[in-house]
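Student: give the three-dimensional model of this entry:
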Amino acid sequence: MHWESPSICHSGIGHGQARPYGLGPNASGNPVEIHRLGEIDYPAACRLQQRIHGQRVAGERRDTLLLLEHPPTITLGKGGRLENILVPAQTLLQMGISFYFSDRGGDVTYHGPGQLVGYPIIHLRERGGDLKQYVHELEEIVIRTLRDFSIHAGRDPEHPGVWIGPNKIGAVGLSVRKGVTMHGFALNVNPCMEHFSLIHGCGFTDRKAVSMHGILGSSPPVEEVAENLIHHFSQVLGMTPLHP
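Tutor: Next up, the predicted model:
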């Protein structure tokens, strides 16, 4: 599959000055459909995104947020290097971890149960087309959600995502085609952290992934985190959530 640029995942994109949240052009109060899918495998989630993306481009559907978890999965983005997967394919198979090439930007990423994944299919062009601002907004949604659980996270000025010191707790990776976004963000609530040791996540060799469970010593259910995240998603993007 071919996607037009821009597409990003932890590349050196500068953040610059963000405008006030929820005040994007033509965006305030717009409805967004929220779909909570539970656990769904990566190819099925990609097919669903593609279908909704096509409908959104055609003006046949509202902006949409898919919230889900994946079974243990490693994906490699368009800018990725296979050597950042540190074990042979046979080892992944024996461990029950799937591997897929992804049409998002960036390098290698892990998904698994206990990680809350959000795929917003948003008409970015209708919001003014500011990709850097959109990345900033996705980060802000995750930062505010973590703050609800007494975890204080922030940004790295050189690398998208949500960080606690040098350690990543939330990833951002997306692509944009015909003005509409796909892919999105992932928040580590309580995934199997051993699986992250199988990769150099997004190509980093000197940073590690952390989780809410690892920081707090316990973690809320993913569904509870999702409830808070929906609230902040609506506030930051200035949208009204619908639950079809």
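
Student: and the helices in this protein?
Tutor: Using DSSP state H, the helices assigned to the chain run over residues 42-57, 89-94, 131-148, 212-216, 222-237.

Student: to F185, which of the ones you listed lies closest?
Tutor: helix 131-148 (5.0 Å; C-beta to C-beta). Backbone N, C-alpha and C define where each C-beta goes, glycine included.

Student: residues in contact with the residue nearest in space to the middle of the chain?
Tutor: Compute the mean C-alpha point of the chain, and by C-alpha atoms, centre = their mean the closest residue is F185, 1.0 Å away. Going by C-beta atoms under 8 Å, 6 or more residues apart in numbering, F185 touches V117, G118, L138, E139, I141, V142, G170, A171, V172, G173.

Student: cool, I85 as well?
Tutor: Contacts of I85 by C-beta under 8 Å, 6+ apart are I74, L76, L92, F99, V108, L198, I199.

Student: mind redoing it with 7 Å?
Tutor: I74, V108, L198, I199 (C-beta atoms under 7 Å, 6 or more residues apart in numbering).

Student: in TSV, list the residues you listed along with neighbour count and pLDDT.
Tutor: TSV is the format used below for the contacts of I85 (neighbours: other C-beta atoms under 10 Å; pLDDT from 0 to 100):
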residue	neighbour count	pLDDT
I74	25	89
V108	25	84
L198	19	86
I199	22	78
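
Student: lowest average confidence, helix or strand, in the chain?
Tutor: Ranked by mean pLDDT, DSSP states H and E, the weakest helix or strand in the chain is strand 7-9, scoring a mean of 37.

Student: tell me where the model's unsure across the chain.
Tutor: 1-28, 105, 201-206 (pLDDT under 70).

Student: mind doing that once more with 50?
Tutor: 1-18, 23-27 (pLDDT under 50).

Student: now the residue in the chain sticking out farthest from the centre: how far from F99?
Tutor: No residue in the chain sits farther from the centre than Q90, which is 27.4 Å out by C-alpha atoms, centre = their mean. Separation of Q90 from F99 (C-beta to C-beta, to the nearest Å) stands at 11 Å.

Student: and what of G29?
Tutor: Separation of G29 from F99 (C-beta to C-beta) stands at 41 Å.

Student: which of those two has more neighbours?
Tutor: F99 (15 against 10; other C-beta atoms under 10 Å).

Student: what's near enough to touch the closest residue to the more buried one other than its chain neighbours?
Tutor: Excluding its sequence neighbours, the residue lying closest to F99 (C-beta to C-beta, 6 or more residues apart in numbering) is I74, at 5.0 Å. If a contact means C-beta under 7 Å, 6+ apart, then I74 has I85, L92, I97, F99, V108, Y110, I199 as its contacts.
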